[in-house]
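Trainee: could you look at this predicted model? Sequence included:
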Amino acid sequence: MDKIVIEGGNVLQGEVRLSGAKNAALPIICACILTGGWNCLYNVPRLKDVQTIREIMSNTGVHFEEGEDGGLRINSDDISHHEAPYDLVRTMRASILLLGPLLARLGRARISLPGGCAIGARPVNFHLRALSAMGVDMQLEHGYINAKARTLKGANVFFDIPTVTGTENIMMAAVTAEGKTVIENAAREPEVQDLARMLRSMGSHIEGEGSDKIIIEGIKTLKPVAHHKIIPDRIEAGTFMIAAAMTGGHVTIQGYRQDHVTAVVEKLQEVGAEINQGKEEVSIKGPKTIHPADIKTMPFPGFPTDLQAQFMALMCIAKGTSIIRETIFENRFIHVGELKRMGADIQIDGNQALVRGREYLLAAPVMATDLRASASLIIAGLAAKGGRTEVNRIYHLDRGYERLEEKFQSLGAKIWREKA
Ligand code: EPZ
């Protein structure tokens, strides 16, 4: 298993370009099951999770052709199998996103129930309840969801919690369903909006994405899309911004979307960073003194849960105390134990972490436990004193960040990958 080694203390300087968004690419790749012919995607990030969804879809008969610089062509003319097996789904829960498209295309789907993961139980009850309302017959047996639907019917769906993949699954099931589907308390994330853009390019009648109410009029058939560029990864953008603030550096991030990072920019200005935003690029200068700031993770447009661990690393060396509240997942403080091994002063009380800033963190061998915790430990290592931080089990990182250590190297960090 690889590990990443960081010699802390370097100030990050320079420019870095974002990759395409993992959480937009995954549903959009699944949506290509909905049409015949070739769908052509651009700016697809080269990630383990993208490899995994490709492997599962190839097993159903879908063909992939890889172009250069993030181009990916997808053809599901020969799709015939409707199964996503346990050994692949257990490595990537987002495989649940195949449920809607397979039902829409084949009328059947057998998907392994995605288990929980490090950050929480991750149930999919909202997905299943909504699909039942659309006329899907669902049996849960032997760890699998066996779903069948002669025809999908439009329905009024209300989500207790604005579930991102739940909203995406129902959108993909609804676009060729009979009649109208209304999703209330829908997720508003930019990745949901990017999927809606793709479905509209396929000819679907969809409106309201980005709000909490999405309305879809089902139509018979959809057409393949000749060109869809995946939106940039806002979580990667936030990760670089926080790293720049952490090291007191000056970094310009290219290919970002200003409207996707408002909450993060506000918080970083609160801690004292200087941020200049252009249309396509943003530059951030880290503060001499990092001031403390409280955060509470919320659905978009609130502060994203996927940046909570990274922001916590920054607060570990703030001049004062901050409170971090995690409201989305029940167990998303696993990185705290590893940060404490680097000298951080953090007290957890339920879904709140009280972080007392220290003058510095100390380099140490640490263990990555989930995707975003990996990024948090790398950021901490970039600023840590006293030698080398080794982040083990870095396969978590490769699921969601494309060549992160190379990008940090290009910004002047002393960071490299080693065989553990
Ligand atoms: C998506 O996960 C993202 N993954 C996550 O990113 C992200 O953290 C999360 O949304 C929140 O923004 C992808 O898009 C592939 P949810 P998702 O359904 O859809 C509860 C990363 O690091 N819930 O919005 O699985 C759930 O337990 C990953 O890139 C139910 O109770 O999240 C959670 O508490 C991590 N029943 C809350 O809702 C359901 O049926 C929000 O979950 C569905 C969700």
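Mentor: Looks like it arrived, so ask away.
Trainee: can the helix or strand of the chain with the lowest mean pLDDT be said to contact the ligand?
Mentor: Counting by mean pLDDT, DSSP states H and E, the chain has its least confident helix or strand at helix 86-89, which shows a mean of 89. No. Interface with the ligand: helix 86-89 contributes nothing (Cβ under 6 Å from any ligand atom), its closest point being 12.7 Å away. C-beta coordinates here come from the backbone N, C-alpha and C atoms, glycine included.
Trainee: can you list contacts of that helix?
Mentor: If you take Cβ atoms under 8 Å, 6 or more residues apart in numbering as the criterion, helix 86-89 is touched by 52, 55-56, 59, 95-96, 111-114, 143-144.
Trainee: list the contacts of residue 71.
Mentor: Residue 71 is in contact with 40-42, 44, counting by Cβ under 8 Å, 6+ apart.
Trainee: as JSON lines, those with pLDDT and secondary structure would be great.
Mentor: As requested, those are arranged in JSON lines below (pLDDT from 0 to 100; DSSP: H, G, I helix; E, B strand; the rest coil):
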{"residue": "40", "pLDDT": "97", "secondary structure": "strand"}
{"residue": "41", "pLDDT": "97", "secondary structure": "strand"}
{"residue": "42", "pLDDT": "97", "secondary structure": "strand"}
{"residue": "44", "pLDDT": "97", "secondary structure": "coil"}
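Trainee: which of these has the most neighbours?
Mentor: Using other Cβ atoms under 10 Å as the contact criterion, the top neighbour count among these goes to residue 44, which has 27 neighbours.
Trainee: right, and residue 155 touches residue 130 too?
Mentor: Yes. If you go by Cβ atoms under 8 Å, residue 155 and residue 130 touch, sitting 7.3 Å apart.
Trainee: compare the two (neighbour count), which wins?
Mentor: More neighbours surround residue 130 than the other of residue 155 and residue 130, with 25 against 20 (other Cβ under 10 Å).
Trainee: that's a helix at the more buried one, yeah?
Mentor: Yes. Under DSSP: H, G, I helix; E, B strand; the rest coil, residue 130 sits within a helix.
Trainee: just want the phi and psi numbers for residue 114.
Mentor: The phi and psi torsions at residue 114 (degrees, to the nearest 10) take the values phi -70, psi 130.
Trainee: which residue packs closest to it, ignoring adjacent ones?
Mentor: For residue 114, the nearest residue in space outside its immediate sequence neighbours is residue 93; the separation is 3.7 Å by Cβ to Cβ, 6 or more residues apart in numbering.
Trainee: I'd say the one you found and residue 118 touch.
Mentor: No. With contacts counted by Cβ under 8 Å, residue 93 stays clear of residue 118, the gap being 11.1 Å.
Trainee: quick one: mean pLDDT over whatever helix or strand residue 408 lives in.
Mentor: With the criterion set as DSSP states H and E, the secondary-structure element containing residue 408 is helix 404-410. In this model, helix 404-410 has a mean pLDDT of 98.
Trainee: same deal with stretch 5-12?
Mentor: 97.
Trainee: pull the residues that contact it.
Mentor: Counting contacts by Cβ under 8 Å, 6+ apart, the residues outside stretch 5-12 that touch it are 243-244, 247-251, 286, 361, 363, 378, 381-391, 408, 411-418.
Trainee: what do you get for stretch 34-42?
Mentor: Contacting residues not belonging to stretch 34-42 are listed as 25, 28-29, 32, 67, 69-77, 101, 104-105, 172, 175-176, 199, 202, 221-230 [Cβ under 8 Å, 6+ apart].
Trainee: which of those residues are buried, as a ChimeraX select command?
Mentor: This is the ChimeraX syntax for the buried subset of the contacts of stretch 34-42, where burial follows 16 or more other Cβ atoms under 10 Å:
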select :25,28,29,32,70,72,74,75,76,101,104,105,172,175,176,199,202,222,224,225,228,230
